Structure formats: structure tokens, C-alpha cells
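Asks: Fold the following, please.
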Amino acid sequence: MAPKSILSVNAGSSSVKITFYTFEKTPNVIANAHISGITAPPATFKYSVGDKQWEEELKETVSTPQDAFKLLLKRCFTDSDLSGVASSDDLACVCHRVVHGGNFDSPAVINDETYHQLEQLENLAPLHNFSALEIVRFCRKELPKVQSMTFFDSSFHKTLPSYVTTYPIDQKIAKSNKLRKYGFHGISYSFILRSVAEYLQKAVDKINLIALHVGSGASICAIKEGKSTDTSMGLTPLAGLPGATRSGDIDPSLVFHYTNEAGKLSPASTKEMHISTAEEILNNKSGWKVLTGTTDFSQIGVESPPTTQHKLAFDILVDRIVGFVGNYYVKLDGQVDAIVFAGGIGEKSAVLRKAVIEKSRSLGFGVDAGANEKGLGGRQTVADITARSESAKRVLICQTDEQFEMAYNYIQAQGLGS
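Replies: Prediction:
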């Protein structure tokens, strides 16, 4: 019988990525498939297996992440190049990325009990968990013989101290409503930590990092001796740094001055998703999109921004990042092995990295201009862009891979990684 494969699923509101991996100690990619543009049709389908790559605009209507996932599975299971995953019978597990895990501090095998617990979390994070859980529901119904396991972005931050996680509000209400800082992007931070520790040839529990995951959603994390000690996101991914459509930190009263409809249900609400007008405004109608008209950071992070609004959006992001860098440098007592840039923007934007490090120069960080411009090369996971000075503190780029991290941790849980 052919060895089983692992499927990792990373679902967002506008895209779904899936990767098939071999079931072995170090999982290897069998195939990648991706549908983007769900909320801005026509949707685009991308696919790669071995040296074969394919991209096309979809003729089919894809209106939800669940629709996209169904289509991705259909295409992959019927492709003659994918004999290793010809059907669901060849799958050992489907690994699902779920943003908000509440009090889950480790991955969870989906059964009736854990599924019910995740349903209860949807009200805590309707904008962020709904897409992933729609796909979990589909797998429970359509792939009942295949184990589903959820991996939570919040679990990495289970080591946050209570003085970081606690909001100074009535604690009886806070505990009954689960109102505390959770932190997110944890699957990415787990990958970054392991990869950078290996690159620096240091034990994971001996390493201190300031790690940035900067994409359409952006956050930063202080890692002390291999453990999360503070992070910018909070109860939800809205807190902290601004993003493509998120405001990031604001005065909590602002939204009530913005509109007297703040506490009412948004028109985006459905029977399944109860979203307030405030959540809709601050998550989907803010960020650099409303300042510039675009969510494409490559049009903003340039040496000569096309408009003053583009420059303003860039300067705001740099300013907020630098504020957290200074904060976390102090919290790590100045003992920082490296500042690490990851995420789609962190990995690709040399202009952003240069600006952040220039403003952090008083802390001893510096970049080599040539290395920064080159960025990640080939199949590099980690690149060193530190200034060529013995005294300069390390600046790294890490190509994060959340799908791999889930597959890797699933293998570890099966006892194959020891």
C-alpha cells in the first residue's frame, strides 16, 4: 500500500491555499494549489507539482472559502500527475490552520467535543475562524474517514505572562467572556523560531528574537529563550500593527465617534456570522487601503511613493513597527540574537526593512544594502542581511511556511520525528 500523505489547509477570507506533503520524518511537498480573489472575482487558480506550474482565471463561481476548497480537492484528485494523492483514501490527515484557538494550547484532533468547542469560539472571532471552520465542517461530512487536526495561531503564545494577557477591566466579566490577549500568527512564529535557531546553530530554548510577520495582516513577537513573551495582536488580530484593511491600535473610543452605529450588527452579518459595525469598519474598511486606495503594498513601499497618502501609509507602518521593536528590545533586556522579517511583505520589501532598521540603529541594528536588496535567494529559508560590522546586531529574513509547520508538527505528534 502506498504511503499516506498529509494535506495542509490555510484558509483566509479571500483565498485558500492547500499543500500535499509526503508522510515522512521531514515532509516533502507533493503539490501546491491556491485559489485567490474569492472576494474580488474573477478568482484565480494556481497549481504546482514538480516542475509543472499552472495558473488560470476560474470560470466557475467561487463565492466562499468552502467552495474554493471543494474545487481545489476536485482538481487535485483528478490530476493524473498526482497519483500519490489520487483520492481521499491516500490521506492520513487534513491539517487546518485556525486563527483563534481560545484556551487551546496545542493542536486538537477534531471530534464531536472539540468541534463543539470550536463552534463556541466563532462568536469570539467570527471574521477569522469562520472560513477555516467551514472547511472543517466540509471535511467532517465529505471525508469522514480522514482525520482532521486543527492548528491554532494563538497556541504559540500560551507562554505569555498574565500581566501581558490581562486587560485591566472587571475580571469576572473578562473571564466569563474570555476577554484577554491571545496573540496570533503563532504557526508562522513557530516556523521562524525553529528555522532561525537552526540557521544560527543555537538551541531553540537559548534564542531571543524580535520576529515580524508582515503581510496584509501584520504582527510582531518578542521571543525569549524560545518562548513568546509578548506580541502585538490581542483578543483578536485587529490589535497592534495596521494592515491592508485593519486599523491596528487605536483609541478604543474612536469607533463610537466614527459612527453611532458601532455596536449594531454590520450589513456583512449573516445567520452564521454576527459581525458588529465596529468590527467591519476596523477590520475591513481601514488600514492602508483607505489611505491609498490599494491593498498592494508593492505600490506603497517604494523609494518615491506616488502620492503623499502612499508615503503617509508607509510612514505609519514603519513608525508602529519601530515602536514595538523598541518596546520588545527593552523587554528582552537588550539580549536579542536577531530581528527577523517574515510574511509576504517582510520577505519581499527591501524598502520596508531598510526603513525599520535605519530607525532602530540606536539599538545596534544595521543592514547591508546589497544583501537587503537581494533578499532571499533560490530556496533559501533564512537570509542574513546584517551590516558588515562586527558590532552590528543580526538582521535576518525568513521565508515562513505555515503549511509545512502544520505537517511537520503532525509528524512529530505521530512519533516519527524523534
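
Asks: Next, the buried residues of stretch 166-176.
Replies: Under the neighbour-count criterion of 16 or more other Cβ atoms under 10 Å, stretch 166-176 has nothing buried. Yep, even glycine has a C-beta here, placed from its N, CA and C like the rest.

Asks: my bad, stretch 133-152
Replies: Going by 16+ other Cβ under 10 Å, stretch 133-152 has these buried residues: 133-140, 143, 146, 148-152.

Asks: Render the CA-only coordinates of it in CSV, please.
Replies: C-alpha atoms of stretch 133-152 as CSV (Å, rounded to 0.1, in the frame of the first residue of the first chain):
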residue,chain,number,x,y,z
LEU,A,133,-14.3,26.1,10.3
GLU,A,134,-16.4,26.0,7.1
ILE,A,135,-13.8,23.7,5.6
VAL,A,136,-13.5,21.7,8.8
ARG,A,137,-17.3,21.1,8.6
PHE,A,138,-16.9,20.1,4.9
CYS,A,139,-14.2,17.6,5.8
ARG,A,140,-16.2,16.1,8.6
LYS,A,141,-19.1,15.5,6.2
GLU,A,142,-17.3,14.6,3.0
LEU,A,143,-14.1,13.0,4.3
PRO,A,144,-15.4,11.2,7.4
LYS,A,145,-12.6,8.5,7.3
VAL,A,146,-9.8,11.1,7.2
GLN,A,147,-8.6,12.6,10.5
SER,A,148,-8.8,16.4,10.7
MET,A,149,-6.5,18.2,13.1
THR,A,150,-6.7,21.9,13.9
PHE,A,151,-3.5,24.0,14.5
PHE,A,152,-4.1,27.3,16.2
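
Asks: nearest to Ala278, of the buried residues of stretch 133-152?
Replies: Nearest to Ala278 among the buried residues of stretch 133-152: Leu133, at 22.4 Å, using Cβ to Cβ.

Asks: The closest one contacts Gln117, correct?
Replies: No: the criterion here is Cβ atoms under 8 Å, and Leu133 misses it with Gln117 at 11.2 Å.

Asks: quick one: low-confidence parts of this protein?
Replies: Applying pLDDT under 70 to the chain flags residues 1-3, 83-86, 271, 416-418.

Asks: that older thread, ok, of the buried residues of stretch 133-152, which one's closest to Glu24?
Replies: Of those, the one sitting nearest to Glu24 (Cβ to Cβ) turns out to be Met149, at 17.3 Å.

Asks: who are the neighbours in contact with that closest one?
Replies: Contact partners of Met149, counting by Cβ atoms under 8 Å, 6 or more residues apart in numbering, are 93-96, 107-110, 410.

Asks: Quick check: Ile38 touching Lys17?
Replies: No: Ile38 lies out of contact with Lys17 (Cβ under 8 Å); the separation is 11.9 Å.

Asks: Surely Glu119 is within a strand?
Replies: No: counting by DSSP: H, G, I helix; E, B strand; the rest coil, Glu119 is not found in a strand; it is helix.

Asks: distance of it from Arg137?
Replies: Taken as Cβ to Cβ, to the nearest Å, the spacing of Glu119 relative to Arg137 amounts to 9 Å.

Asks: contacting residues for the closest residue to Phe130 other than its chain neighbours?
Replies: Spatially, and ignoring its direct neighbours in sequence, Phe130 is nearest to Met273 (5.3 Å; Cβ to Cβ, 6 or more residues apart in numbering). Contact analysis of Met273 by Cβ under 8 Å, 6+ apart lists 122, 126-127, 130.

Asks: hmm, 10 Å instead?
Replies: 122-123, 126-127, 129-131, 265-266, 279 (Cβ atoms under 10 Å, 6 or more residues apart in numbering).

Asks: go on, Thr19?
Replies: By Cβ under 10 Å, 6+ apart, the contact set of Thr19 is 6-10, 27, 29-34, 48, 95, 401-404, 406-407.

Asks: Do I have it right that Ala350 meets Asp368?
Replies: No: with contact defined as Cβ atoms under 10 Å, Ala350 does not count as touching Asp368 (11.2 Å).

Asks: overlap in contacts of those two?
Replies: Both Ala350 and Asp368 are contacted by 374, 385, under the criterion Cβ under 10 Å, 6+ apart.

Asks: Between these two, which is the more surrounded one?
Replies: Each of Ala350 and Asp368 has its neighbours counted (other Cβ atoms under 10 Å); Ala350 has more, 19 against 16.

Asks: how much space between the more buried one and Lys175?
Replies: With Cβ to Cβ as the criterion, Ala350 and Lys175 are 45 Å apart.

Asks: Can you tell me the SS state at Lys311?
Replies: Applying three-state DSSP: Lys311 is helix.

Asks: Distance of it relative to Ser304?
Replies: Distance, Lys311 to Ser304, by Cβ to Cβ: 9 Å.

Asks: cool, and Phe104?
Replies: For Phe104, the distance to Ser304 (Cβ to Cβ) stands at 46 Å.

Asks: cool, and Lys374?
Replies: When Cβ to Cβ is applied, the distance between Lys374 and Ser304 equals 21 Å.

Asks: Neighbour count: these two, which is higher?
Replies: Neighbours per residue, other Cβ under 10 Å: of Lys374 and Ser304, the larger number sits with Lys374, 13 against 6.

Asks: For the more buried one, grab phi and psi.
Replies: With angles defined as degrees, to the nearest 10, Lys374 sits at phi -70, psi -40.

Asks: quick one: it and Ala383 touch, right?
Replies: Yes: using Cβ under 10 Å as the test, Lys374 is close enough to Ala383 to be in contact (7.7 Å).

Asks: Do you have the helices of the stretch 1-150 of the chain handy? List them.
Replies: 65-77, 112-121, 126-142 (DSSP state H, counting those that start in this stretch).

Asks: Format those helices as JSON lines; extra columns: distance to Asp89.
Replies: Below are those laid out as JSON lines (distance: least, Cβ to Cβ, whole Å):
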{"stretch": "helix 65-77", "distance to Asp89": "10"}
{"stretch": "helix 112-121", "distance to Asp89": "23"}
{"stretch": "helix 126-142", "distance to Asp89": "13"}
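
Asks: Of all the ones you listed, which one comes closest to Glu56?
Replies: Nearest to Glu56 among these is helix 65-77; the distance by Cβ to Cβ comes to 10.4 Å.

Asks: ok now that closest one, how far from the chain's centre?
Replies: On the basis of Cα atoms, centre = their mean, to the nearest Å, helix 65-77 sits 21 Å off its chain's mean C-alpha point.
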